[in-house]
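J.: turn this into a structure:
(chains A and B)
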Amino acid sequence: MTDVAIAGVPRPGLPPSAGEGREGASYLSAGHTLLSWLTTTDHKRIAILYAVSITIFFFIGGIAIALLRLELVVPHGLFLTSEAYNRLFSLHGIIMVWFFLVPSIPGTMGNFLLPLMIGARDVAFPRLNLLSWYLYVFAAAFAVYALVSGGVDTGWTFYTPFSTNYATGYVIAAAAGVFVSGFSSIATGVNFIATAHMLRAPGMTWFRLPLFVWAMYTVSMVMVLATPVLAMSLLLIIAERAFGLPIFDSARGGDPILFQHLFWFYSHPAVYIMILPAMGVVSEVIPCFARKTIFGYAFMVYALITIAVIGFMVWGHHMFVAGQSPVANLVFSFLSFIVAVPSAIKVFNWTATLHRGSITFEAPMIYALGFVGLFTIGGLTGLFVASVPIDIHATDTYFVIAHFHFIMVGGTVSAYMAGLHFWWPKVTGRMYSEPWARFAAITTFLGFNATFLPQFVMGWIGMPRRYHYYPDIFQPWHVMSSVGALILAVGYILPLVYFGWSLIFGRRAPANPWNATGLEWQTSSPPPKENFHRIPHVDAEPYAYYESGQTSPADGRPSFQPQGRTA
Amino acid sequence: MSDVNAALREPWSDLRRQREGVTVGIWLFIVSEVLFFGTLFLGYGVYRSLYPEAFRIAGAQTEVFYGSVNLLLLLTSSAAMTIAVDASRQEMRRITIICLALTILLGAGFLLCKGLEYRDDIAKGLLPGAYFPLRPPQTQLFWAFYWVMTSVHAIHLATGLVVVGVLASLLWRHTLPIQTPAIQGVATYWHFVDTVWIIIFPLLYLVGRS
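T.: Model (predicted):
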């Protein structure tokens, strides 16, 4: 590629608001009634519908865990019955996994950015996109109502035979809610894959796609392939609980372990449904604030694909103590170690991207750097629990809890916050308060570590998960963890305030406030309803950041060339 | 060709591309469905390999007559659907709508037949539970899969009937142009539901009779 003209090079001479002031109103002014939002097929508006709804569910799940952390400050409980305790941690798990983490980045940033990043006017099936939100929001609201009013005490894993024969509460309703919300995932996945295949702008070849698009593409594959297995597993539980069909009933020859296999065949890839989009976000943020092109673009792509594929072959590591054969344990352990390789490639490449970069610490960058560190700890402790002997010691302890919260909260939620800040000006057309955002980012990072590092320790010395009452020796660790949770809560509530503030009083955002590359920054902030007044033509590689002093190889050509077709 | 433009929707630039998009979308959905049913077939396979004798005893109690008639009905309906798709490509409006109606008729016949079969099954007491007539208890596993497989398939078929019905009425009322890409998508789904029955049929009706 000698003849490299660069798409999206931030050129000093370019007025920052190049996209503004042309014909066509922003997507936000295309209709102001509630009905115009509820019947929209605009991917950008659907993204906002998702953002509002997942935020509500996030705080419901957060309140549940806040009550639990308060309860756990003393060894024998403060104000909850054990039944209420069980229902609260089940509620926290079910909501956070299925109604927050799984749709979080794909539903919001994926919907908003995928068409913008590839230079399309919308996703491939706009009405299916709206349907996916309705499926999600009704299923989630139904399940949350069931969880709050009646309660479920199975944990988020719905293990048989407890869930089928013994559990009290609204297991069927909660499972049905999760079942239906699965179709929302599948619809999103189908839509994103078709969009990435069919609607890329002229010149936007596969290896010119931003890594966020690759992340959306691979995560969609996992959604389409894994979610139906969960759907059927939950359907079988409903069939057994409601109609007495003995699928997993050992009295009549059924095998409860079969449920665990089916459940983890979805739920391990589901971890990758949560982390792949996060990796995509971070891969956008880090090059922008290091002012360097991403290190090893092709390997970043291969790593995403490898993680998505191998992620399907490691589910047995959740079942080392469930009576699997030693051979199966060995194979699953080995494959789990293998999946660490592409993950490590990504961490090394982000680090190499930072190397000799001109780093600035805006809020998205602080969150992104936090992601890299916390994801690394989460990943390395993943290797601990992927080793059979260590896992036998750590199974069902707080060590495992800490491990997966480092991935899901330290990883995914950090990246979600990074992306939220990074693209906030693009989505809303307003700048948020940078000092407050930095403060919140650092608070979150400190609070997160204060919450979960003690859990590693107490898990290692034997504190089991899901226990309401515990021996006194664990109390100091529980208190530290609960204080951390308080700090973390502050870190999560602050953005509500300053984001809300910025919507009304925020400075108007230019089209490209970060001098970032990528087609989404080439249109106005907020973008017009049809995304681009003219479909861009891409003729260069992504992440064309150059350090100051170095000249870009672009020979003064415009960063994208408007071509024939108009709106 | 205003008719063609009526079939074109945002965000597509031309109808050929849109048709490809619909094909990609529906096949991705079917991939997902394959894993959905595949989970059931896997569970069936695990239990049959554990309890072959119980599955033989239980499988002999299914109504092979109804099952076979239903296989015939569905295969014929798929043939009608194929003709409808080809006719729509060549803008033969009347034949398209007649064949879609025929598909609906045959699909409804399937559900009717299935209902009669369910009535007989229930009369024979073949719902798993305390009073299940067959021994050993693992025979109940076979029947658990029978009920789940056939009912999930029937729900898919009923959904297909509604979708084909809506499509046919939209074409009838000229709301959709006859070359709409939707018809190919609907047809692919219909054939998939048919194919699932081709797999279910031997598992439930032939395994106990070998």
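
J.: name the helix or strand for residue B:81, please.
T.: When elements are assigned from DSSP states H and E, residue B:81 belongs to helix B:64-89.

J.: and residue A:217, how far from residue B:114?
T.: Residue A:217 sits at a distance of 40 Å from residue B:114 (criterion: Cβ to Cβ, to the nearest Å). Backbone N, C-alpha and C define where each C-beta goes, glycine included.

J.: which one of those two is surrounded by more residues?
T.: Shown here are residue A:217 and residue B:114; by other Cβ atoms under 10 Å in any protein chain shown, residue A:217 has more neighbours (24 against 20).

J.: all helices of chain B, in order?
T.: In chain B, the helices defined using DSSP state H lie at B:2-7, B:15-50, B:52-59, B:64-89, B:93-123, B:139-172, B:182-201.

J.: can you lay out those helices as TSV showing mean pLDDT?
T.: What follows is the helices of chain B, written out as TSV (pLDDT from 0 to 100):
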stretch	mean pLDDT
helix B:2-7	60
helix B:15-50	94
helix B:52-59	95
helix B:64-89	96
helix B:93-123	97
helix B:139-172	97
helix B:182-201	96
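
J.: picking that back up, just list what the helix holding residue B:81 packs against, helices and strands only.
T.: If you count contacts as 3 or more Cβ pairs under 8 Å, 6 or more residues apart in numbering or on different chains; DSSP states H and E, helix B:64-89 packs onto helix B:93-123, helix B:182-201.

J.: which helix or strand lies directly C-terminal to the longest helix seen in chain A?
T.: Counting residues, the longest helix in chain A under DSSP H turns out to be helix A:256-290. The helix or strand immediately downstream of helix A:256-290 is helix A:297-310, counting by DSSP H and E.

J.: anything in the next helix or strand after that following helix near chain B?
T.: Next helix or strand after helix A:297-310 toward the C-terminus (DSSP H and E): helix A:326-354. No - Helix A:326-354 stays clear of chain B (Cβ under 8 Å from any Cβ of the partner chain), getting no nearer than 14.2 Å.

J.: can I get the helix or strand that comes right after helix A:326-354 in CSV, CA atoms only?
T.: Next along the chain after helix A:326-354, taking DSSP H and E as the criterion, comes helix A:363-386. What follows is helix A:363-386 as a C-alpha-only set of coordinates in CSV (Å, rounded to 0.1, in the frame of the first residue of the first chain):
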residue,chain,number,x,y,z
ALA,A,363,-11.8,10.9,31.0
PRO,A,364,-12.4,8.3,28.2
MET,A,365,-8.6,7.5,28.3
ILE,A,366,-8.6,7.1,32.1
TYR,A,367,-11.4,4.6,31.8
ALA,A,368,-9.7,2.8,28.9
LEU,A,369,-6.4,2.6,30.8
GLY,A,370,-8.3,1.3,33.8
PHE,A,371,-9.9,-1.3,31.5
VAL,A,372,-6.5,-2.6,30.4
GLY,A,373,-5.2,-2.9,33.9
LEU,A,374,-8.3,-4.5,35.4
PHE,A,375,-8.9,-6.8,32.4
THR,A,376,-5.3,-8.0,32.8
ILE,A,377,-5.9,-8.9,36.5
GLY,A,378,-9.2,-10.5,35.6
GLY,A,379,-7.6,-12.4,32.8
LEU,A,380,-4.6,-13.6,34.8
THR,A,381,-6.8,-14.8,37.7
GLY,A,382,-8.8,-16.5,35.1
LEU,A,383,-5.8,-18.7,34.5
PHE,A,384,-5.8,-19.5,38.2
VAL,A,385,-9.3,-20.8,38.0
ALA,A,386,-8.7,-22.5,34.7
